[in-house]
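1. Sequence and predicted model, in that order:
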Amino acid sequence: MSENKEYVSRCDELGNIHISEEVLAGIAAAAALETDGVSSLAANLGSDIAELLGKKNLAKGVRIKTEEDKVEVELSVLIVYGHTIPQVGKAIQDGVKAAIESMTGLEVSSVNVNVGGIVFPPKDA
């Protein structure tokens, strides 16, 4: 495969299936952005330090860690003002877990949500 990319591999009777961590990050990002109350993904604070330590920042606001067939997801999001943060956070966790598991067959062991800020809706003129 390609250098500098991490893959999760699954074996079946016809051969191997390799899923890039970038694909997992894309699935997580899309699921989070579909959640009501999420404005956008937020840049991870300390991402330069994380990269130096060998942790991947694959998509803005998403980090993926894989061990065997288990996936750990960390997301940083901006929440729309007026939404209840714990409810939105739980909805993100549920949506990301369901999306990754249904699309890849991998088990999601954790989805950690970091709320990096709030976004105020534009005032009507």
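-> Received, thanks.

2. Name the residue closest to the centre of the protein, please.
-> Residue closest to the mean C-alpha point of the chain, counted by CA atoms, centre = their mean, is Ala28 at 3.6 Å.

3. Tell me where this protein has helices.
-> 21-33, 47-52, 85-104 (DSSP state H).

4. Tell me what angle the longest one forms with helix 21-33.
-> With axes from the mean of the first three to the mean of the last three CA atoms, to 10 degrees as the criterion, the two stretches helix 85-104 and helix 21-33 enclose an angle of 140 degrees.

5. In helix 85-104, which residues are buried?
-> Within helix 85-104, the residues scored as buried using 16 or more other CB atoms under 10 Å are Val88, Gly89, Ala91, Ile92, Gln93, Gly95, Val96, Lys97, Ala99, Ile100, Thr104. Any C-beta I mention is one placed from the backbone N, CA and C, and that applies to glycine too.

6. can you check the first one too?
-> By neighbour count on 16+ other CB under 10 Å, the buried set for helix 21-33 is Glu21, Glu22, Val23, Leu24, Ala25, Ile27, Ala28, Ala29, Ala31, Ala32.

7. Quick one: closest of the helices of the chain to Leu41.
-> Leu41 sits nearest to helix 21-33 of all those, at 5.9 Å, using CB to CB.

8. quick revisit: Serialize the buried residues of helix 21-33 to JSON lines and add fields for pLDDT and distance to Lys123.
-> As requested, the buried residues of helix 21-33 are exported to JSON lines (pLDDT from 0 to 100; distance: CB to CB, whole Å):
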{"residue": "Glu21", "pLDDT": "92", "distance to Lys123": "40"}
{"residue": "Glu22", "pLDDT": "93", "distance to Lys123": "38"}
{"residue": "Val23", "pLDDT": "94", "distance to Lys123": "39"}
{"residue": "Leu24", "pLDDT": "95", "distance to Lys123": "38"}
{"residue": "Ala25", "pLDDT": "95", "distance to Lys123": "34"}
{"residue": "Ile27", "pLDDT": "96", "distance to Lys123": "35"}
{"residue": "Ala28", "pLDDT": "97", "distance to Lys123": "32"}
{"residue": "Ala29", "pLDDT": "96", "distance to Lys123": "29"}
{"residue": "Ala31", "pLDDT": "97", "distance to Lys123": "30"}
{"residue": "Ala32", "pLDDT": "97", "distance to Lys123": "26"}
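
9. Right, I'll call it a day here.
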